[in-house]
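Peer 1: Sharing a model that was predicted from the sequence below.
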Amino acid sequence: MKKMVKAISLALMAAAVLTGCGKDSTGTEAVSTKNAEGRYDPVLTIRIAKQLDENTGRYGEGEDINKNSMVDLAAEKLGIKMETILLGGDAGNYDTKLRLALTGSEELPDVFPVYGTQMIADMIESGKVKAIDEDIEKYMPDRLKEIYDKYPQTFYPVIKDGKTYGIACTPFLTEGQVMIIRQDWLDKLGLKAPATMDEFEEVIRAFTEQDPDGNGKKDTYGFTYAGDSIYNTGWVADPVILFSANAGKHFPGSWQEDENGQLVYGSIHEGNKKTLERMAQWHANGWMFQEAAATGAWDAMMQFTEGKAGIFIGRPWAIGSVRDVETVCPEAVIKAYPNILQDNGEPSYQSAQINDGWLMFNKDFNNMEAFFTYYDWIYDAAFGTGDFKYGYLEGYDYDIVGDTVVYDSQLFDPPVTDPFMPGKSTVLKNTPSIDTMQPYMDVSTGMTPETSAQIKAAADFKASPDMAEGYVVAGEHKDELFPNLFNGEPTATMKKKWEQLQTMEKQIYTNIIYGKEPVDAFDKFVEEWKNQGGDQITQEVNEWYQSVK
């Protein structure tokens, strides 16, 4: 691959000479065709947008977002040049530029990611994006159709009047959260990892009152979590499992079906009242993080890193992020466990993330076949096929040292610091993935690593076995992940009332936990939530749900 990359610039220079007297074919100007080798000729340009350029500072001399090894490789192999014409800088700036494109103040790219459902609705309403139902049927490769068929709910936000106006960005089931515990504290106190709410209480009490770090000071507590927004972070320092232990799938912040198939809002489910009562007792006793209400997820997780808290809930990769606890407490041992069960013995549940944004298409873009050719090509890295068995570019996102494939750039030959990231130099934010958990499960059963994902997992079992085992735990419990079933444009009443209702929800949950209001205040909150727009929102949400199912 290194030799291939070096040859690309020469090939492109030759192509430039041949086409220098005219324009490259673009998505809105002409339809390029494939030659006998399956390459578009002349080179076809697809104009794209990116929220930000994460390779800033990583480019080689003479390279930039539109001139680098990954962009050049697509032009060399496919005859497709991806040209970024709209670049944000952060989420807010990107959305502003997209809105300017809607007014004509900025040029609307051929293909662009959208990250909010209101923006999706505005794009569709503007008439500047195209329905792609026929294109999906005609041009999307079967292996990608199989992926999208697994996640039909990802189409809900981009469906309007029976037509589909985009596709989710590389949908897959992101790894769930696990219970991450100081195993050395459990061992010292003769405890086992909790499997129920009662056992969870026993452990966090012991972690607070029985000096698990052995320093003779009352400077530890059981559980850290984030409480600066609704009580469902979805990634780290998440207390949502505690609520699910009493409310099942109707945990805070999520819309799920009731027994009649109607969507209901989890935060008003009576089971959450029981958890609030329990958490209020724990807070009063000092058994959990006392400043959670004003602390975000990352900072709450750092309470574990600093050796203060003994349990937090987060995705398996978070184990690597709290590794510095070993510098504070050299004897620290970190271990991932399944989350606690409901009292009835059923699992507790949590939010599932299955995509980050959607791709939409300019109504004048005429090269959908070329787009799907490119999209399928970059998916080779996920399937371990074609040009990308181990990764995109040898020496960048992987290297072969001797006869070993390595992914840690410090182990490259020669070692590389902050290498260019080809997976962030496509129309997507990251390299596509199919399943982040299964490769770890495969390796844990003794399967010989063959795909890039399995090779990476095997390397993690050597370098960070506790994190790798966390992915196995998450994989064994992937059925406990529930995506929010309302992912459409905010309803008419939501636009007027939702911010107020969210503020009320956050305030009552926090006040009950902090002992500022009795637990029965939850009942009044539910009544007020319904009367102040919640019932109307629920009706509107279900009208939307019936229209897209």
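Peer 2: That came through fine.

Peer 1: what's the first-to-last distance across stretch 52-68?
Peer 2: 16 Å (C-alpha to C-alpha, to the nearest Å).

Peer 1: ditto for stretch 294-312
Peer 2: Stretch 294-312: ends 17 Å apart by C-alpha to C-alpha.

Peer 1: Measure how buried the residue nearest to Glu346 when sequence neighbours are not counted is and give me the count.
Peer 2: For Glu346, ignoring the flanking residues on the chain, the nearest one in space by C-beta to C-beta, 6 or more residues apart in numbering is Gly248 at 7.0 Å. (Glycine included, C-beta is placed from N, CA and C.) Counted by other C-beta atoms under 10 Å, the residues lying close to Gly248 total 19.

Peer 1: can you check Asp110 too?
Peer 2: For Asp110, using other C-beta under 10 Å, the count is 26.

Peer 1: Leu359 is in contact with that one, correct?
Peer 2: No - using C-beta atoms under 8 Å as the test, Asp110 is too far from Leu359 to be in contact (10.5 Å).

Peer 1: Next one, pLDDT for Lys3 please.
Peer 2: Predicted confidence (pLDDT) for Lys3: 38.

Peer 1: Next, the contact list for Lys81, please.
Peer 2: Going by C-beta atoms under 8 Å, 6 or more residues apart in numbering, Lys81 touches Asp24, Val43, Leu44, Thr45, Ile46, Val71, Ala74, Ala75.

Peer 1: where are the low-confidence patches of this protein?
Peer 2: The chain contains residues with pLDDT under 70 at 1-31.

Peer 1: the longest helix in it is where?
Peer 2: In the chain, assigned by DSSP state H, the helix with the most residues is helix 492-513.

Peer 1: contacts for the helix or strand following that one?
Peer 2: Scanning forward in sequence from helix 492-513 by DSSP states H and E, the next helix or strand is helix 521-529. Here helix 521-529 makes contact (C-beta under 8 Å, 6+ apart) with Ser267, Ile268, Glu270, Asn272, Lys273, Leu276, Leu501, Met504, Glu505, Ile508, Asn511, Ile512.

Peer 1: Which one of those is nearest to Leu86?
Peer 2: Nearest to Leu86 among the contacts of helix 521-529, counting by C-beta to C-beta, is Leu501 at 34.2 Å.

Peer 1: so the closest one touches Gln532, yeah?
Peer 2: Yes - in this structure, Leu501 is within contact of Gln532 by C-beta under 8 Å, at 6.6 Å.

Peer 1: where exactly do the strands run in the stretch 251-400 of the chain?
Peer 2: With strands called from DSSP state E, counting those that start in this stretch, the stretch 251-400 of the chain shows them at 255-257, 263-265, 309-314, 334-337, 350-351, 358-361, 399-401.

Peer 1: winner for burial among those strands?
Peer 2: Using mean count of other C-beta atoms under 10 Å, the stretch among those with the largest mean neighbour count is strand 309-314, at a mean of 26.

Peer 1: thinking again about what came up before, figure out how far the longest helix of the chain is from the centre of its chain.
Peer 2: For helix 492-513, the separation from the chain centroid amounts to 25 Å (computed by C-alpha atoms, centre = their mean, to the nearest Å).

Peer 1: helices or strands next to that helix in the packing?
Peer 2: Helices and strands touching helix 492-513, by 3 or more C-beta pairs under 8 Å, 6 or more residues apart in numbering; DSSP states H and E, are helix 271-285, helix 521-529, helix 535-548.

Peer 1: Which of the residues in the longest one are classified as buried?
Peer 2: Of the residues in helix 271-285, those with enough neighbours to count as buried (16 or more other C-beta atoms under 10 Å) are Gly271, Asn272, Lys273, Lys274, Thr275, Leu276, Glu277, Arg278, Met279, Ala280, Trp282, His283.

Peer 1: between those, which is nearest Gly166?
Peer 2: In terms of C-beta to C-beta, no member of the buried residues of helix 271-285 lies closer to Gly166 than Asn272, at 34.2 Å.

Peer 1: Let me know whether that closest one touches Ala247 as I believe.
Peer 2: Yes - using C-beta under 8 Å, Asn272 makes contact with Ala247 at a distance of 4.9 Å.

Peer 1: For the nearest residue in space to Phe289 that is not next to it in sequence, give me the backbone phi and psi.
Peer 2: Spatial nearest neighbour of Phe289, excluding adjacent residues (C-beta to C-beta, 6+ apart): Thr224 at 4.2 Å. When quoted as degrees, to the nearest 10, the phi and psi of Thr224 stand at phi -120, psi 140.
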